[in-house]
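Undergrad: Need a 3D model of the following:
(chains A, B, C and D)
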2 protein chains.
Amino acid sequence: MARSGIDDDELLAVRVAELYYDEDKTQDEIGGLLGISRWKVGRLLQQARTDGIVRIEIVHPRARKLGIERELRSRFGLADAVVVPNAGTDAETLGRVAQGAADHLTALRPVPKTLAVSWGRTLTAVAERLPDGWARGVTVVQMNGGVSVNRRPGGAASLAATIAQRASGQVALLPSPAILERLETKQAIERDRTVAGVLAQASAADAYLFTAGVCDAGSAHVENGYLSVRDIDLLARRGAVGDVLGRYIDADGNVVDPELDARTVGLSLDRLRAARTSVFVTAGEAKHDIARTVVTANLCTMVVTDEATARTLLEEE
Amino acid sequence: MARSGIDDDELLAVRVAELYYDEDKTQDEIGGLLGISRWKVGRLLQQARTDGIVRIEIVHPRARKLGIERELRSRFGLADAVVVPNAGTDAETLGRVAQGAADHLTALRPVPKTLAVSWGRTLTAVAERLPDGWARGVTVVQMNGGVSVNRRPGGAASLAATIAQRASGQVALLPSPAILERLETKQAIERDRTVAGVLAQASAADAYLFTAGVCDAGSAHVENGYLSVRDIDLLARRGAVGDVLGRYIDADGNVVDPELDARTVGLSLDRLRAARTSVFVTAGEAKHDIARTVVTANLCTMVVTDEATARTLLEEE
DNA sequence: AACTGCTCTGCTCGTATGAGCACGGCGGTG
DNA sequence: CACCGCCGTGCTCATACGAGCAGAGCAGTT
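TA: Predicted coordinates:
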């Protein structure tokens, strides 16, 4: 049998770690027990930690991966990052990420006077988890068109309203479809006083909170009739990896179909890119590609996500 | 959504644990950062450890489960116990247990002058892992009959010889089958000077090293023709859970078939039970039942096994 | 209201621990 | 052989830490 590469010191480190962590002995006691100096015991413990013999893990739904967060910040020049451990199911993971985003938003300083939001299942989950009084007097503004104003709880309007209400603030809804069939209609809607006002407010927001969608037939845009399955297929063929604020982009962050983009109501990606504070929330493997795009194309200043997504982002490019 | 029972202090504990273990901050720093006293930080860390929020794990093939070992000792009044973590496969787990047994044997004090051994795949694995010079001048004696003297390496004889050789000692082989067809033959063999001498030596050994077999058709007794599949079936029907030194016993440790037992060559279970030092080595789920019997029937003073087996033993009876 | 028991807090103090340094052995080099 | 740099060791010293205590709040009881 081939000798495995187990060093003598390594074995000693294991013994020491057992005595220290499992048996709660002091380093001094261990030294006496094993016939080595207490300093060597300390060094072995350090070695055991760096070699991964001793693994310290924080097991909690609200736990965060600070090491990965640090890497994300430095690699992508982000102002902040929140990474939570994956759970057993995607739904649970989404819940954790949403909770992380809610916590992050609550702790965000300076507190935004105006917060622009997009919509989607992810943000709905975030809104649900914001505690009452997470902030005071925040005006919440929709920044892209979407499902109609009075919809089931969980719709775009309800989501924005919930966030505002729990901060005892106002909400400014954008009464417009996400994408219009004709350019002229879109231009007309944008000239509407209400719509123009909301967009102007969104443009001047202190902070942005948004998610991204994947480019597939299950998208909310298809579900709501803004796009057909054929449109999606065509976009994918042209390299689209997903959408941000209803705008479909390729892996480099460029708009795939400028004509379609011109018919899309909402803030421009350039405006988003210029924001001082924009929080991107994403969870799940399906969104890895679009997440990579959002982060590398500098569409956000902060990201909230799960560990698996974060690790994918950090894989050398 | 139902509020989960996550207490405020628990969240704080998670936060504290992250800063302490992931970020290597001091408790004082953390206190300043979170606006609590450093003593509270210390208390939260303790709480986090006892609540299982912080899990410290020693990941190494040679690692041991000292906590479980302690429980085994106190529950069953054992002189010592060695428990190693399970590996991915049964073969690997067996290797770890064997390594644990080899380490334990090497460290055994007082060093036995005479060591009686049984045989089996498990003990073969132990012998392989004993380092040269694990002891000096130990006489190794077989304590039950078995496969013939000169067999493939890994056979009963080779196993005992290996153990002796690596301790620069002598070996005393028991030249006898495990089970004889007729009682008279067995008695005749026992009268043989060599056999009687070896058995007497084994009877007076300072320490015993043995394993147990399960009662199924794959047993070495069937393989070697000492028992037929029908015999095994019959034994199982009469409550046998396995064999120790070739003697089949039920869950309470009683010999199942006295007539068969009388035809079995080797130390009696009572002699084994009376030993001051007897090390029982077992690995794998298949042997859980017989392992429980050996331990509860006081057939050993020390046990070496895997974590899964140990946990099974500790389940309330 | 006064009392009592309970929990939670922040403190004092002795101890355990980690950073940094000086020493000694060891192998390579002129 | 002397020399030198390197690694592993055990030390000094400052500091982080935990045990255990005393006081504050708080609810229930008389």
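
Undergrad: Surely A:Ala212 is in contact with A:Ala240?
TA: No - here A:Ala212 does not reach A:Ala240: they are 11.4 Å apart, not a contact under C-beta atoms under 8 Å. (Glycine included, C-beta is placed from N, CA and C.)

Undergrad: what residues are up against A:Glu307?
TA: A:Lys65, A:Ile68, A:Val83, A:Val84, A:Pro85, A:Asn86 (C-beta atoms under 8 Å, 6 or more residues apart in numbering or on different chains).

Undergrad: And the strands in the stretch 151-300 of chain A, which stretches?
TA: Ranges of strands in the stretch 151-300 of chain A, per DSSP state E, counting those that start in this stretch, are A:171-172, A:207-210, A:212-214, A:240-244, A:247-250, A:278-281.

Undergrad: From the contacts of A:Glu307, list the buried ones, please.
TA: Buried subset of these (neighbour count, 16 or more other C-beta atoms under 10 Å in any protein chain shown): A:Lys65, A:Ile68, A:Val83, A:Val84, A:Pro85, A:Asn86.

Undergrad: Name the nearest residue to the residue in the stretch 1-150 of chain A that DNA strand D sits nearest to, ignoring sequence neighbours.
TA: Nearest residue of the stretch 1-150 of chain A to DNA strand D, counting by C-beta to the nearest atom of the strand: A:Ser37, 3.3 Å away. The shortest distance from A:Ser37 to any non-neighbouring residue, by C-beta to C-beta, 6 or more residues apart in numbering or on different chains, is to A:Gly31 (5.6 Å).

Undergrad: Contacts only, for that neighbour.
TA: A:Ser37, A:Arg38, A:Lys40, A:Val41.

Undergrad: Tabulate those residues (a markdown table), appending distance to A:Leu108 and pLDDT.
TA: Below are the contacts of A:Gly31 laid out as a markdown table (distance: C-beta to C-beta, whole Å; pLDDT from 0 to 100):
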| residue | distance to A:Leu108 | pLDDT |
| --- | --- | --- |
| A:Ser37 | 49 | 92 |
| A:Arg38 | 46 | 93 |
| A:Lys40 | 47 | 94 |
| A:Val41 | 44 | 95 |
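
Undergrad: which of these count as buried?
TA: By 16+ other C-beta under 10 Å, the contacts of A:Gly31 give A:Lys40, A:Val41 as buried.

Undergrad: from the contacts of A:Gly31, which is closest to B:Val244?
TA: A:Val41 (40.8 Å; C-beta to C-beta).

Undergrad: what about A:Ala196, distance to A:Ala188?
TA: Distance, A:Ala196 to A:Ala188, by C-beta to C-beta, to the nearest Å: 11 Å.

Undergrad: what about the stretch 101-250 of chain A, any weak spots by pLDDT?
TA: A:147-154 (pLDDT under 70).

Undergrad: what does it have sitting close to chain B?
TA: Taking C-beta under 8 Å from any C-beta of the partner chain as the contact definition, the stretch 101-250 of chain A meets chain B at A:Glu128.

Undergrad: tell me the domain boundaries of chain A?
TA: Per the record, chain A has its domains at A:2-50, A:66-314, by automatic domain parsing.

Undergrad: Highest mean neighbour count out of those domains?
TA: Comparing the domains of chain A on average neighbours per residue, with mean count of other C-beta atoms under 10 Å in any protein chain shown, the densest one is domain A:66-314 at a mean of 19.

Undergrad: Show me what residue of the stretch 151-300 of chain A gets nearest to DNA strand C.
TA: A:Arg166 (26.7 Å).

Undergrad: That residue and A:Asp132 touch, don't they?
TA: Yes - with contact defined as C-beta under 8 Å, A:Arg166 reaches A:Asp132; the gap is 5.0 Å.

Undergrad: what touches both of these two?
TA: With C-beta under 8 Å, 6+ apart as the test, A:Arg166 and A:Asp132 reach no residue in common.

Undergrad: hang on, A:Gly100 packs against A:Val84?
TA: Yes - look at A:Gly100 against A:Val84 with C-beta under 8 Å: they come within range, at 4.6 Å.
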